[in-house]
Structures are given as structure tokens and as C-alpha cells.
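Visitor: After the sequence you'll find the predicted model.
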Amino acid sequence: MIKHNLIQATKAFVLLVAFYLMAGLAAYLVPDWRVRSNVQKTVDRGDLCEDYPQAILPRERFRMDNFTDALIVNQALMLRTEGLRGIMMLPRHQVDPNDQCGNLAALLAIAPHKGGRTATEDEHTTHYARYWHGSTFITRILLAALTFTDIRYALYILTSLLLLWCCLRLWRTAGRAVGVVLPFSLLMVNVYVMQFSMQFAPVLVITLGTIIWMTYRQRGADHGLAFFVAGSLTAFLDLITVPSVTIGLPLVAWIAIERPTEWKKGLGGLVSLSLWWAAGYALTWIMKWGLATLLTGADIFADAYGEAAYWSNDGGNYIAMALSACLGRLRWIYILVPAAVLSILAIVRHRKGTAVTVTMYAIVMLIPFVYYLLMARPAWHHNWFNYRALVTAVAALLMMLATMVDWKRIKLFRHE
């Protein structure tokens with residue numbers, strides 16, 4: 001079985017890397033003038049003109065990440081400026097590293113005929129080669145026909161349909177509790193802000209897609225390959241937004257679907273699926289560094305090491321601040337009230353034989369905190385969006401409490 005799974009994962013990885021390269025080539029073939037035209041229309045509409053606008057209410061937790069979205073669009077515009085090398089190096093025009101919308105405006109102000117310049121001819125060209133930047137490839141392809149504002153609406157429609165589909169499937173296959181808890185947990189981290197951003201949406205799409213896939217498989221099925229693919233797609237599309245969500249929420253759904261009653265099956269399943277996800281995630285990163293170094297001559301491994309060293313420097317000193325900042329973003333009253341109700345119901349109508357399942361939820365609930373320990377400094381620095389990793393903890397907590405309630409006895413009690 002292990003040998004078979006490894007062969008399947010190897011085949012999947014080869015196909016995934018081929019797809020990533022083809023996506024970059026497809027983006028490269030899109031005519032520059034079409035991309036530039038739709039980006040200009042986007043800015044003329046008033047979009048991508050401010051780095052961190054408030055999406056709904058004037059509060060930090062509702063901030064849009066136009067900073068990164070503008071960076072993605074900037075790279076989409078600059079992709080062809082260095083030939084095919086640009087697919088690996090991801091050049092962008094940068095005047096001020098702290099003002100990406102300003103950088104995009106400055107790039108648009110340059111005459112179109114300058115689009116063929118090279119990095120050595122433009123002192124404002126910088127590179128972002130550590131990541132695959134799958135979002136940049138997709139954005140450039142879509143910009144051939146849509147403005148970025150149109151892309152936002154398309155993302156909103158796609159993620160809304162996936163969320164509806166996911167909830168209906170979970171309701172049918174795993175029970176009503178998880179079908180309600182999942183969207184509620186996402187609501188607690190302002191999922192609607194994520195839906196309008198090319199920076200945030202990929203994490204949501206990968207998460208929901210993985211869960212939907214699992215609901216169409218029989219109970220007891222091996223989901224290792226699905227988690228491997230999810231980990232790889234996360235490395236391809238995500239800019240370290242909240243990568244832990246693509247493993248955390250699918251694990252919550254897996255527990256709800258499988259309802260493990262044996263310790264070996266429960267712990268073995270969690271460890272196995274987590275390792276599959278980690279393997280897909282790590283291998284995809286390493287493959288990018290290797291290919292970029294081989295094809296461009298630049299030492300991307302050294303670049304990645306330097307960046308990791310910078311963000312991990314004194315990381316231990318940021319752990320408490322990261323936890324405090326991220327936990328402070330949640331609307332606790334809306335989480336504690338249903339948790340308290342479920343706790344009371346679990347006491348008065350306790351369901352027996354749930355120890356294993358409850359423990360599995362408790363373990364998964366720790367995932368975002370492990371993420372904060374490993375990524376303390378960036379989690380603190382970007383806490384205004386990194387708090388969304390806590391959606392796993394919220395979902396696991398509520399599912400753990402809901403599992404402890406004997407809902408059949410509550411129905412009988414209500415009739416009495």
C-alpha cells in the first residue's frame with residue numbers, strides 16, 4: 001500500500017509541476033497590450049489605488065490586501081520584460097517597497113514602448129523568485145479578458161458556489177453540525193474579505209475543493225493523495241497567507257466524516273494526512289528553487305535561506321505578541337456564546353463513546369498555534385490577515401463540543 005501511494009504521489013507531482021510550468025508559459029503568451037489595457041481600466045475605476053482600504057467597516061479585521069494584489073498585478077504586467085526567464089524570476093516595477101499601489105501606478109505611467117526593457121536597463125526592477133506565484137500566472141491569463149475588478153467578482157462567485165457546495169455535501173455526508181460549523185467558523189474570520197482578493201482566495205478554493213473531494217469518497221478511503229495535492233497547490237498559489245488553513249479545515253472535515261472510534265485509526269490518520277500535505281508543500285517549494293536556480297543562474301536557494309533567516313531572527317521573542325495580536329482579532333462574543341451553549345448541552349445530554357473523536361478535534365485545534373510558533377515574527381507583523389489561521393481552531397472547538405452532545409436525546413427531551 002505504501003509503495004502504491006508513493007508511486008501515485010510521484011506521478012501526481014510530475015503532472016503538477018508540468019501544469020505549473022505550462023501555466024507560466026500560458027501567462028507569458030498573453031499579449032501585453034491586453035493586460036495593460038485591463039489593468040488601466042481597473043485603476044481608472046478607482047480599484048488598486050490604495051494599499052489597505054477597508055472592505056466593509058472601518059476596522060482592522062476588514063482590511064483588503066490591495067498591497068499584495070497590486071504586487072501580483074504588477075508582476076503580471078512585467079512578466080514578459082525579461083523573456084522566458086521572467087516565468088521563474090517574476091520581475092516587478094518597484095519605486096517604494098511600502099507602496100505597491102503606487103508602484104503599479106508608476107508602472108502604468110511608463111510609455112508602453114518601454115515594455116521591452118531588461119532588468120539592467122531599469123533600476124526599479126526587482127525580482128520575487130522564491131515563490132511559484134501561481135496567482136500571478138492566473139491573474140495575467142484572466143487580465144486578457146477581464147479587469148482586476150471583474151476578477152474580484154469572479155472570485156467571489158466561485159468561492160461562494162464552492163462554499164455552498166461544500167456545506168451541502170458535509171450536511172449530507174458528515175451531519176448537520178459540520179455543515180453549519182464550517183461556514184460559521186469562516187464567518188468569524190471575515191471570509192467575505194478573502195473572497196474578493198487574489199491574495200486570499202486561493203487558500204479558500206484549495207480548502208473547499210479538498211473537502212468536497214473527500215465527501216465524494218467512501219468512508220475509510222485513503223485521502224493521502226488529496227492532501228499531497230492540496231499541499232502542493234498551496235505552495236504554488238499561496239504567498240504564505242495562511243497556508244495552515246488548507247490542512248486544518250480539511251482535517252476537521254476528515255474527522256467529521258470518518259468519526260474515528262479507535263485511537264490507532266484516529267492518530268494514524270491525522271499523522272499520515274499531515275505528512276502527505278507537508279510532503280506536497282515542501283517538495284513544491286524545493287522544486288521551484290531548484291528549477292529557478294538551474295534555468296536562470298541565480299542562487300534562489302541562498303535567497304530563500306536569507307529571507308527565512310531574516311524572518312526567523314529573534315522569532316522566539318515574537319511568539320507572545322503574535323498569539324496576542326492574532327487572538328485579539330477574533331470576535332470572541334460570537335464564538336464563546338455558541339461554545340457555552342454546546343458545553344451545557346454536552347453536560348446535560350452527553351453522548352458516550354466520543355473520546356477518540358473529541359481528542360482528534362483537540363489535536364487539530366492546535367494547528368494554527370503550531371503555525372504561529374514556527375512563523376511568529378511574520379505572524380505578528382501580518383497579524384491583520386494571519387489571524388485567519390485561527391479558523392481551524394474555531395471549527396475544531398465547536399465540532400468537538402457538538403460531537404459530545406447526544407442530539408437524539410435532545411429531540412426526545414424537547415417532545416417531552
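Guide: Now that the structure is in, tell me what you want to look at. In this text, all values refer to a predicted model and were calculated from it rather than measured experimentally. Numbering: from 1, shown residues only.
Visitor: who touches the most centrally placed residue in the chain in this structure?
Guide: The chain has Val203 as the residue nearest its centroid, 2.3 Å off, counting by Cα atoms, centre = their mean. For Val203, the contact set (Cβ atoms under 8 Å, 6 or more residues apart in numbering) comprises 194, 234, 237-238, 241-243, 245-246. Just so you know, the C-beta spots here come from the backbone N, C-alpha and C atoms, and that holds for glycine as well.
Visitor: now the stretch 101-250 of the chain, which segments are flagged as low pLDDT?
Guide: Along the stretch 101-250 of the chain, segments meeting pLDDT under 70 span 111-122.
Visitor: now the helices: where do they sit in it?
Guide: With DSSP state H, counting those that start in this stretch as the criterion, the stretch 101-250 of the chain has helices at 134-142, 148-173, 176-188, 191-195, 201-215, 224-237, 245-258.
Visitor: Between these, which one is closest to Cys101.
Guide: Comparison of the helices of the stretch 101-250 of the chain against Cys101 by Cβ to Cβ identifies helix 148-173 as nearest, at 11.6 Å.
Visitor: Counting neighbours, show which residues of the closest one come out buried.
Guide: Using 16 or more other Cβ atoms under 10 Å as the test for burial, helix 148-173 gives 148-152, 155-156, 159, 162-163, 166-167, 169-171, 173.
Visitor: same deal with stretch 385-402?
Guide: Residues 385-402 are the ones in stretch 385-402 that count as buried (16+ other Cβ under 10 Å).
Visitor: Output the contacting helices and strands for the top helix by length along the chain.
Guide: Counting by DSSP state H, the longest helix found in the chain is helix 263-296. Contacts defined by 3 or more Cβ pairs under 8 Å, 6 or more residues apart in numbering; DSSP states H and E place helix 263-296 against helix 2-29, helix 85-89, helix 224-237, helix 245-258, helix 300-312, helix 355-364.
Visitor: I'd like the next helix or strand past the longest one.
Guide: Moving toward the C-terminus from helix 2-29, the first helix or strand encountered (DSSP states H and E) is helix 32-44.
Visitor: okay, now Ile333: neighbour count?
Guide: When neighbours are defined as other Cβ atoms under 10 Å, Ile333 has 7 of them.
Visitor: before we move on, what about Pro202?
Guide: 24.
Visitor: ok, it - contacts?
Guide: Counting by Cβ under 8 Å, 6+ apart, Pro202 makes contact with 134-135, 233-234, 237-238.
Visitor: what do you get for Pro53?
Guide: Contact analysis of Pro53 by Cβ under 8 Å, 6+ apart lists 63-64, 66.
Visitor: any chance you could read off phi and psi for it?
Guide: Note on Pro53: backbone dihedrals following degrees, to the nearest 10 are phi -70, psi 160.
Visitor: Can you give the distance of stretch 224-242 from its chain's centre?
Guide: Distance of stretch 224-242 from the chain centroid (Cα atoms, centre = their mean, to the nearest Å) equals 8 Å.
Visitor: let me fix that: stretch 237-253
Guide: Centroid displacement of stretch 237-253 relative to its chain, using Cα atoms, centre = their mean, is 5 Å.
Visitor: Look at Gln75 and report its pLDDT.
Guide: What the model reports as pLDDT for Gln75 is 95.
Visitor: Tell me if it really is in a strand.
Guide: No: assigned with DSSP: H, G, I helix; E, B strand; the rest coil, Gln75 falls outside any strand and is helix.
Visitor: any idea how far it lies from Ile87?
Guide: 11 Å (Cβ to Cβ, to the nearest Å).
Visitor: How about Leu16?
Guide: Where Ile87 is concerned, Leu16 sits at a distance of 16 Å (Cβ to Cβ).
Visitor: what's the answer for Phe385, then?
Guide: Applying Cβ to Cβ to Phe385 and Ile87 gives a distance of 27 Å.
Visitor: likewise Arg351?
Guide: For Arg351, the distance to Ile87 (Cβ to Cβ) stands at 54 Å.
Visitor: More neighbours: which of these two?
Guide: Between Arg351 and Ile87, counted using other Cβ under 10 Å, the more crowded position is Ile87 (25 against 17).
Visitor: I'd assumed Leu25 was in contact with the more buried one.
Guide: Yes: Ile87 sits in contact with Leu25 when judged by Cβ atoms under 8 Å, with a separation of 6.8 Å.
Visitor: got the phi/psi numbers for Val405?
Guide: Backbone torsions of Val405, given as degrees, to the nearest 10, read phi -90, psi 130.
Visitor: partners of it in the sheet?
Guide: Note on Val405: beta-bridge partners by DSSP bridges are His350.
Visitor: Near it, how many other residues are there?
Guide: Neighbour number of Val405 under other Cβ under 10 Å is 22.
Visitor: List the contacts of Trp165.
Guide: Contacts of Trp165 (Cβ under 8 Å, 6+ apart): 208, 212.
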